[in-house]
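Asks: Just the structure for this:
(2 chains)
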Number of protein chains: 2
Amino acid sequence: MHETKQRLVGAAAELLNQQGYNGTAVKQIVERAGAPFASMYHFFPGGKEELGADAVRWSGRQYGELADLFFVGGDVVAETRAFFRAAADTVRGSGYVEGCPIATVALEVAGVNEVLRQATADVFEAWIAALAGRYEAGGVEPEDARPLAASVLALLEGGFVFARAMRDESHLVAAGDTAALAVDDARRRGRRPRPRWACTASARSVTACSASPFVL
Amino acid sequence: MHETKQRLVGAAAELLNQQGYNGTAVKQIVERAGAPFASMYHFFPGGKEELGADAVRWSGRQYGELADLFFVGGDVVAETRAFFRAAADTVRGSGYVEGCPIATVALEVAGVNEVLRQATADVFEAWIAALAGRYEAGGVEPEDARPLAASVLALLEGGFVFARAMRDESHLVAAGDTAALAVDDARRRGRRPRPRWACTASARSVTACSASPFVL
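Replies: Below you'll find the predicted structure:
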């Protein structure tokens, strides 16, 4: 990506995180990026909407990669808890100004802007799928992994809302404890001995079952 | 409250739910309320910010009362699950246009408008306290009830984000299952026999302990 274009995307992502889509003017993005105003419409002929969608998708990938620092193939319960504690530290460290880079935009646009709604939906879908994969690798049944991942990320999103609004990151720590409880519960269910026919009934779990019928 | 003032507050609350604070113009609120434009500044000399704060607090009370329909002193696990299923039905019924009437505004203003931030924080605090009271009455330890209530409401807020952005209310149902799991876990801990000194050590639980040392 052209360096000026990247600066515009980065500045937009930061401002969307702090004040949402409707509260952010193109002028402010260009200024924060230190870019010439003309570059905005050169790189984004679709204007603010196109830049906003790019910023949402770019932030989504950045934050998705952040999760890689915490989920490294260890104990997924402990990793989940650590992830929430880091989120709590980050929110407090920002003076409660930053949280999830996607949620504010998602709620603003869900009913009114289909291009941006789709961008936020694609990011959430990618996050849920990635986290579900980590939980599955950590011992959670394939059919449980996706709703579990969605619930854990819902706790994170809701925790960000409360932490920022109430200027109190303890809500994210509490949400992390609940997330850890849910992951632990799902993993225990994954460890229960299952009859062999249950394994072969699901295409996705055949390999895991052949390797170890009781998924330890 | 004057009937025209109430119409303005109701219209503002509806629009804040659907498109947030920055996406809602005063003109649109006045039109939806069917109120004369002059009435806006008659009732709200502080303009959009004052009306916005009133709408947030009013919505907060309305939605708080909604919870009374679900939490009626029965099994708090089943009541929690039913509450989330109703939320899922409501989001789908609105065409994914409506969710939490407070969260969009909360995320938009947290870092930039202290008057509105305080209004959203007060609503969340009231919701958490009320739900914590219900869980305590349902058998959860006083010290567990507040973080539990915050986590359950975080699941609801995050579930709304995903359901609206992804146009898929199943995320709220999954969040409700996780909420029910957390409530059940907390209630089981509340039911564990505790030594009498542990009861008298906490001023808030003395009455409950005197009535029944093992809190059945």
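
Asks: any idea how far B:Gln28 is from A:Val112?
Replies: In this view, A:Val112 and B:Gln28 are 12 Å apart by Cβ to Cβ, to the nearest Å. The C-beta positions use only the backbone N, C-alpha and C, and glycine is treated the same way.

Asks: ignore the last one, A:Leu8
Replies: To B:Gln28, A:Leu8 is 30 Å away according to Cβ to Cβ.

Asks: repeat for A:Gln18
Replies: Using Cβ to Cβ, A:Gln18 is found at 25 Å from B:Gln28.

Asks: between these two, who's got more neighbours?
Replies: More crowded of A:Gln18 and B:Gln28, by other Cβ atoms under 10 Å in any protein chain shown: A:Gln18, with 20 against 14.

Asks: Surely that one touches B:Val112?
Replies: Yes: using Cβ atoms under 8 Å, A:Gln18 is in contact with B:Val112, at 7.5 Å.

Asks: what about the host helix or strand of A:Asp68 and chain B, any contact?
Replies: Taking DSSP states H and E as the definition, A:Asp68 sits inside helix A:47-70. No: judged by Cβ under 8 Å from any Cβ of the partner chain, helix A:47-70 and chain B are separated, with a smallest distance of 10.3 Å.

Asks: Show me what that helix is in contact with.
Replies: The set of residues external to helix A:47-70 that reach it, using Cβ atoms under 8 Å, 6 or more residues apart in numbering or on different chains, is A:8-10, A:12-13, A:16-17, A:21, A:26, A:29, A:40-41, A:43-44, A:79, A:82-83, A:86, A:100-102, A:105, A:113, A:115-116, A:118-120, A:122-123, A:126-127, A:130-131, A:134.

Asks: switch the cut-off to 7 Å
Replies: Residues outside helix A:47-70 that contact it (Cβ atoms under 7 Å, 6 or more residues apart in numbering or on different chains): A:8-9, A:12-13, A:16, A:21, A:26, A:29, A:41, A:44, A:79, A:82-83, A:86, A:101-102, A:105, A:115-116, A:119-120, A:122-123, A:126-127, A:130-131.

Asks: Next secondary structure after it?
Replies: Moving toward the C-terminus from helix A:47-70, the next helix or strand (DSSP H and E) is helix A:76-93.

Asks: which other helices and strands contact that next one?
Replies: On a contact count with 3 or more Cβ pairs under 7 Å, 6 or more residues apart in numbering or on different chains; DSSP states H and E, helix A:76-93 meets helix A:47-70, helix A:142-166, helix A:170-191.

Asks: ok, and what's touching the last one?
Replies: Helix A:170-191 has contacts (Cβ under 7 Å, 6+ apart) with A:76-77, A:80-81, A:84-85, A:87-88, A:91, A:135, A:138-141, A:144, A:148, A:151-152, A:155-156, A:158-160, A:162-163, A:215-216, B:147, B:150-151, B:154, B:178, B:181-182, B:185.

Asks: what pLDDT, on average, does stretch A:100-117 get?
Replies: Stretch A:100-117 comes out with an average pLDDT of 97.

Asks: Could I get the buried residue list for it?
Replies: Across stretch A:100-117, burial judged by 16 or more other Cβ atoms under 10 Å in any protein chain shown covers A:100-111, A:113, A:116-117.

Asks: Equivalent analysis for stretch A:2-21, please.
Replies: Quick answer for stretch A:2-21 (16+ other Cβ under 10 Å): A:4-5, A:7-21.

Asks: again, but for stretch A:34-46
Replies: Applying a neighbour-count criterion of 16+ other Cβ under 10 Å, the buried positions in stretch A:34-46 are A:Ala35, A:Ser39, A:Met40, A:Phe43, A:Phe44.

Asks: got a list of what the third one touches?
Replies: The contact partners of A:Met40, by Cβ under 7 Å, 6+ apart, come to A:Leu8, A:Val26, A:Val30.

Asks: In helices, which of those residues appear?
Replies: Of the positions in the contacts of A:Met40, A:Leu8, A:Val26, A:Val30 sit in helices, assigned by DSSP state H.

Asks: closest to A:Glu169 among these?
Replies: A:Leu8 (30.6 Å; Cβ to Cβ).

Asks: Could you pull up the residues touching the closest residue to that closest one other than its chain neighbours?
Replies: Nearest residue to A:Leu8, sequence neighbours excluded (Cβ to Cβ, 6 or more residues apart in numbering or on different chains): A:Ala33, at 4.7 Å. Neighbouring residues of A:Ala33 by Cβ under 7 Å, 6+ apart: A:Arg7, A:Leu8, A:Ala11.

Asks: What distance do you get for A:Ala129 to chain B?
Replies: When distance is defined by Cβ to the nearest Cβ, to the nearest Å, A:Ala129 is 12 Å away from chain B.

Asks: State the helix or strand in which that residue lies.
Replies: Using DSSP H and E, A:Ala129 sits in helix A:114-137.

Asks: how about that helix as PDB, C-alpha atoms only?
Replies: Taking Å, rounded to 0.1, in the frame of the first residue of the first chain, the C-alpha atoms of helix A:114-137 are listed here in PDB:
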ATOM      1  CA  GLU A 114     -24.600  -1.400   4.100                       C
ATOM      2  CA  VAL A 115     -21.100  -0.900   2.800                       C
ATOM      3  CA  LEU A 116     -19.700  -0.200   6.200                       C
ATOM      4  CA  ARG A 117     -22.000  -2.800   7.900                       C
ATOM      5  CA  GLN A 118     -20.600  -5.500   5.700                       C
ATOM      6  CA  ALA A 119     -17.000  -4.400   6.500                       C
ATOM      7  CA  THR A 120     -17.700  -4.700  10.300                       C
ATOM      8  CA  ALA A 121     -19.500  -8.000   9.800                       C
ATOM      9  CA  ASP A 122     -16.600  -9.400   7.800                       C
ATOM     10  CA  VAL A 123     -14.100  -8.500  10.600                       C
ATOM     11  CA  PHE A 124     -16.300 -10.000  13.300                       C
ATOM     12  CA  GLU A 125     -16.700 -13.200  11.200                       C
ATOM     13  CA  ALA A 126     -12.900 -13.500  10.800                       C
ATOM     14  CA  TRP A 127     -12.300 -12.900  14.500                       C
ATOM     15  CA  ILE A 128     -14.900 -15.500  15.500                       C
ATOM     16  CA  ALA A 129     -13.600 -18.100  13.000                       C
ATOM     17  CA  ALA A 130     -10.000 -17.600  14.100                       C
ATOM     18  CA  LEU A 131     -10.800 -17.800  17.900                       C
ATOM     19  CA  ALA A 132     -13.000 -20.800  17.300                       C
ATOM     20  CA  GLY A 133     -10.000 -22.500  15.600                       C
ATOM     21  CA  ARG A 134      -7.800 -21.800  18.600                       C
ATOM     22  CA  TYR A 135     -10.400 -23.300  21.000                       C
ATOM     23  CA  GLU A 136     -10.900 -26.300  18.800                       C
ATOM     24  CA  ALA A 137      -7.100 -26.800  18.800                       C
END
